[in-house]
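Asks: sequence-free structure coming up:
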């Protein structure tokens, strides 16, 4: 029986009104603008775009403001918004090799064509809180140097030329690209679906999964072949126009993980790879993603798959923080009827237990009398 | 194919390359910047063929950067189409939700194809915006270049 219980409307309305007031906080403190969030909390915006799976800085900034800085709530808002828009189609695959690089480092080769470019990074900072940032800090103008026009090829392309690393799997002719926003997930899932899932997966979850592989749960001996962050151009083949139309550029981070080699009687040994790609400057995310992508290839590479990070059903079913938060947080919504039926059952069981207990412990004389 | 047919195809390819190059610049400009440049032109009569609308495009990457494509995530995109009184149809597509910008790009695209306005839209709108874009990119490239590591070897002990 379904029993509708009403009566919470006014409380809910007033709670949301109070939320709006609490969100604004002390009125004597200036209101934060979307530009301020986008410009000064840029990495939070990047994370919301990545896991919200929607590239739009302004919307992500609005979501962060509305969610009072709760990034998972903001991601939820962005996901809900994307469901309101029609889809025009899919872009041409972006070319990360042609990226206008803002940062690019390799942990495997010191001298790479194009060089090691640190860009804006927290690496090598001392992680000491800086009191001068508290107010009125004016940064120095960035240093400049003559820009090189030399290309910055992907490190994996350089290794690939000598056959030292496996080549990327190519699409079969006419193969469609899996899209988990359109079709329900089935297992086993192909690499395209796995990468889509990981790209929008929770950074914390992927970090923990990636970390678990380093600690021995599905060890795959990773090196950072390359991390690059920068701008890539996006093109869209619009049917009405008749050619691939430039849409502008987006910022991406790409991580190429170089992993333990494999070989066989018929194939010379070579390094294997894991891949990470995400919106914005998201290094921790893409590194974790690359570790997990490689771990999920265990079956394909003939490795024993015993660890959680190698179990695609486990990883892909739990990586999405909107799904996860929905299921965890629904527990706080009224479950009065469910709970009443549990309570009724429990009372009945307790009564049966009490009766059985009383009978088992009854004085022997009574038993004898009964016999 | 006859010579004239070949010429026609070449001409079409040239125009397509020109339109694409213009779009690549315009997509990086703000709506206000494009509108300000367009004010320098005596615009011909034109009408909306498709009202500006916003939607999504699924952005794709490639496995390993160079392999099979996969769906990375979506982006907001706006589009519009404009027809000049002289018949040219222009299309505007851009990342983001600025429909007016898509409309301005469509207008520029139509003008680029027009015999009367092709040269002036390139000179007064596209070229200055391109120059501005290149300056911004040069600045970013120079700031980035200053963070490039110059390795040197420390000589230890007495050789």
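Replies: Everything's here; your move. Since we're looking at a predicted model, the values are computed, not measured.
Asks: so what's the backbone phi/psi at residue 48?
Replies: Picked chain A for this. phi -70, psi -40 (degrees, to the nearest 10).
Asks: Oops, wrong one, chain B.
Replies: Note on residue B:48: backbone dihedrals following degrees, to the nearest 10 are phi -70, psi 130.
Asks: what domains does the record give for chain A?
Replies: Following automatic domain parsing, chain A resolves into domains at A:9-82, A:96-119+A:151-167+A:183-326.
Asks: Quick one: mean pLDDT for the longest one?
Replies: Right, the one you point to is domain A:96-119+A:151-167+A:183-326. The average pLDDT for domain A:96-119+A:151-167+A:183-326 rounds to 94.
Asks: Need the distance between the two termini of it.
Replies: Domain A:96-119+A:151-167+A:183-326 has its terminal residues 34 Å apart, counting by C-alpha to C-alpha, to the nearest Å.
Asks: how about the strands of chain B, start to end?
Replies: B:46-62, B:69-84, B:89-95 (DSSP state E).
Asks: What residues of the first one count as buried?
Replies: Just to be clear, that refers to strand B:46-62. Within strand B:46-62, the residues that count as buried by 16 or more other C-beta atoms under 10 Å in any protein chain shown are B:46, B:49, B:50, B:52, B:54, B:56, B:57, B:58, B:59, B:60, B:61, B:62. From N, CA and C alone the C-beta is placed, and that goes for glycine too.
Asks: name the helices or strands packed onto it?
Replies: strand A:87-90, strand A:223-237, strand A:244-262, strand B:69-84, helix B:99-113 (3 or more C-beta pairs under 8 Å, 6 or more residues apart in numbering or on different chains; DSSP states H and E).
Asks: The shortest one pairs with which strands, and in what direction?
Replies: Spelled out, it's strand A:87-90. Here strand A:87-90 has these sheet partners by DSSP bridges: strand B:46-62 (parallel).
Asks: Same check on the fourth one?
Replies: According to DSSP bridges, strand B:69-84 has the following sheet partners: strand A:54-55 (parallel), strand B:46-62 (antiparallel), strand B:89-95 (antiparallel).
Asks: closest to residue B:8 out of these?
Replies: Residue B:8 lies closest to strand B:89-95 among those, at 18.4 Å (C-beta to C-beta).
Asks: Now do the same for the closest one: mean pLDDT, whole number.
Replies: 98.
Asks: Where do the helices of chain A begin and end?
Replies: Shown for chain A, the helices assigned by DSSP state H span residues A:9-24, A:34-40, A:42-52, A:57-66, A:71-82, A:155-161, A:191-199, A:203-214, A:283-295, A:312-318, A:321-329, A:336-360, A:364-370.
Asks: Which of those has the highest mean neighbour count?
Replies: Here the criterion is mean neighbour count by mean count of other C-beta atoms under 10 Å in any protein chain shown, and of those the winner is helix A:283-295, at a mean of 27.
Asks: that older thread, right, and the helices of chain A - which one's nearest chain B?
Replies: Distance to chain B, taken as C-beta to the nearest C-beta, is lowest for helix A:191-199 among the helices of chain A, at 3.8 Å.
Asks: Show me what that closest one is packed against.
Replies: strand A:270-279, helix A:283-295, helix A:312-318, strand B:69-84.
Asks: How about the contacts made by the closest residue to residue A:274 other than its chain neighbours?
Replies: Among residues not flanking residue A:274 along the chain, residue A:294 sits closest, at 2.8 Å (C-beta to C-beta, 6 or more residues apart in numbering or on different chains). Residue A:294 makes contacts with A:213, A:220, A:222, A:257, A:259, A:272, A:273, A:274, as judged by C-beta atoms under 8 Å, 6 or more residues apart in numbering or on different chains.
Asks: which residues touch the fifth one?
Replies: Translated: residue A:259. A:220, A:221, A:222, A:223, A:271, A:272, A:273, A:274, A:294.
Asks: Can you turn the buried part of those into a ChimeraX selection?
Replies: Listed next is the ChimeraX selection for buried residues among those, using 16+ other C-beta under 10 Å:
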select /A:220,222,271,272,273,274,294
